[in-house]
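>>> sequence unknown, structure follows:
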């Protein structure tokens, strides 16, 4: 139907039957329902339009796969053949609310040249039942930074820092789980996924399945409101960036039973404004290292198991809380440092502070080693072993410096001095 004038096309079912729509001038809208018509495909030429653009809306049926390949701007899975788009600025693919037959949308070669400015993927779920709908988006062979903002339990927005259409996601399951929205940055050598939090207080959790899959979930506020989760394969994503934005945010690295999040370009966490926290949890012993700096809100935490190292770099943070068992090493700077160990929770949680750098709270550690580095450093140690079960080793660094140690009734059996310091009695 064109402007109310209907044309019968029901007979276009023979192999090779096709349709070409030349929209010419103006801002035109085309609606296409699912069918087996036009095995030879449909070509839509958008023609001239203003910034509002020409749009195409398609209705997908459940139980099928709709694939949009941006390398050739073709959409399959709607009619008998491919729908080819040229000069179209907005594409909407709408699914149905069907608990039996899920909607499956695939977008390939995100970042390839296209006239599309916006892609709307509506999985069609509008009730509490879990439909099992999936959306999979893959990038190009170039290095891609895919930026995801979860805007609700069913909704989110994906953009590409290097350019490309905005992808709006809606109609996902209200109780969507990991594995339903997946991104794959493609074959670039420095691909990354960027997660943008809300203006409120978020709890963002990063976890690995023990293989190549990495999942990120986000819950906002208290009581927590869950937002659409996302996952990706570390085989094709080298880095993960978490941007906390506003509010008091917490990033949780949930290692479980030794499932480190292993990315070649690390995890980077920018807490943004507010009192933000990095929390590392897990049950399998690791070798942990905390290095302060370069500025007072920044630092790096590594967890290593059997030669595999998970690295988290952060900035704009307040505390770090590490409750994963194992040995801990803390590295200060080459300048003069004032280093203190204290008890946060009796017999359970200890704290190490280096000058005004981010404090490091810890539990379940065995041996704790503090490397002061060069400079004239001072240590302050109380009578406590909260957070560790073995020894506390103090390494003053440069032996020509005038490092000092103050013990406040500390049990000498728990404190080992690795390099010479001057002890000041409490």
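Received it, and whenever you're ready, just let me know what you need. Every value quoted in this text rests on a predicted model; they were computed, and no experiment measured them.

>>> pLDDT score for residue 4?
We have a pLDDT of 68 for residue 4.

>>> I misspoke; the intended subject was residue 391.
Looking at residue 391, its pLDDT reads 92.

>>> hang on, it packs against residue 381?
No: using CB atoms under 8 Å, residue 391 is not in contact with residue 381; the gap is 11.9 Å. Quick note: C-beta positions are derived from backbone N, CA and C, even for glycine.

>>> and these two? which has more neighbours close in?
Counting neighbours by other CB atoms under 10 Å for residue 391 and for residue 381 shows that residue 381 has the greater number, 22 against 15.

>>> quick one: that one and residue 392, what's the gap?
Here residue 381 is placed at a distance of 7 Å from residue 392 (CB to CB, to the nearest Å).

>>> go on, residue 408?
Noted for residue 408: a distance of 13 Å to residue 392, by CB to CB.

>>> so for the two, which residues contact both of them?
Counting by CB atoms under 8 Å, 6 or more residues apart in numbering, the residues touching both residue 408 and residue 392 are residue 381.

>>> so between those two, which is more surrounded?
Taking neighbours as other CB under 10 Å, residue 408 and residue 392 compare with residue 392 leading, 25 against 12.

>>> got phi/psi on that one?
Dihedral pair for residue 392: phi -110, psi 110, per degrees, to the nearest 10.

>>> thought residue 370 was touching it, still the case?
Yes: with contact defined as CB under 8 Å, residue 392 counts as touching residue 370 (7.5 Å).

>>> burial measure for residue 9, as a count.
Other residues lying near residue 9 total 12 when counted by other CB under 10 Å.

>>> show me the contacts for residue 166.
117, 118, 119, 157, 158, 159.

>>> please pick the buried ones from those.
For the contacts of residue 166, a neighbour count by 16 or more other CB atoms under 10 Å gives the buried set as 119, 157, 158, 159.

>>> the first one reaches residue 75, doesn't it?
The reference is to residue 119. No: using CB under 8 Å, residue 119 makes no contact with residue 75, being 10.1 Å away.

>>> mark which of the buried ones among the contacts of residue 166 are part of strands, please.
119, 157, 158, 159 (DSSP state E).

>>> hey, what's the last one bridged with?
Counting by DSSP bridges, residue 159 is bridged to residue 147.

>>> contacting residues around it?
Residue 159 makes contacts with 146, 147, 166, 167, as judged by CB under 8 Å, 6+ apart.

>>> of those, buried ones?
Under a neighbour-count criterion of 16+ other CB under 10 Å, the subset of the contacts of residue 159 counted as buried comprises 146, 147, 167.

>>> closest one of those to residue 52?
In terms of CB to CB, no member of these lies closer to residue 52 than residue 167, at 19.0 Å.

>>> helix or strand for that closest one, which one?
Secondary structure from DSSP states H and E places residue 167 in strand 166-170.

>>> so which elements touch the helix or strand following that strand?
The helix or strand immediately downstream of strand 166-170 is strand 181-184, counting by DSSP H and E. Packing partners of strand 181-184 (3 or more CB pairs under 8 Å, 6 or more residues apart in numbering; DSSP states H and E): strand 134-138, strand 225-233.

>>> turn these into JSON lines, columns for mean pLDDT, mean neighbour count and distance to residue 346.
JSON lines is the format used below for these (pLDDT from 0 to 100; neighbours: other CB atoms under 10 Å; distance: least, CB to CB, whole Å):
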{"stretch": "strand 134-138", "mean pLDDT": "94", "mean neighbour count": "21", "distance to residue 346": "49"}
{"stretch": "strand 225-233", "mean pLDDT": "91", "mean neighbour count": "20", "distance to residue 346": "35"}
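
>>> just put the ones you listed in CSV and tack on distance to residue 203.
Formatted as CSV, these follow (distance: least, CB to CB, whole Å):
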stretch, distance to residue 203
strand 134-138, 23
strand 225-233, 10
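
>>> closest one to residue 300 among those strands?
The closest of those to residue 300 is strand 225-233. By CB to CB, the value is 22.5 Å.

>>> next one: that closest one to chain centre, how far?
Centroid separation for strand 225-233 versus its chain: 8 Å, with CA atoms, centre = their mean, to the nearest Å.

>>> who touches whatever helix or strand comes next after that strand?
Of the helices and strands lying after strand 225-233 in sequence (DSSP H and E), the nearest is strand 239-243. Strand 239-243 has contacts (CB under 8 Å, 6+ apart) with 190-197, 204, 206, 214, 216, 251, 261, 263-270, 272.

>>> would you say residue 149 is within a strand?
Yes: the assignment for residue 149 (DSSP: H, G, I helix; E, B strand; the rest coil) places it in a strand.

>>> can you report how many residues neighbour it?
A total of 19 residues lie near residue 149 under the criterion other CB under 10 Å.
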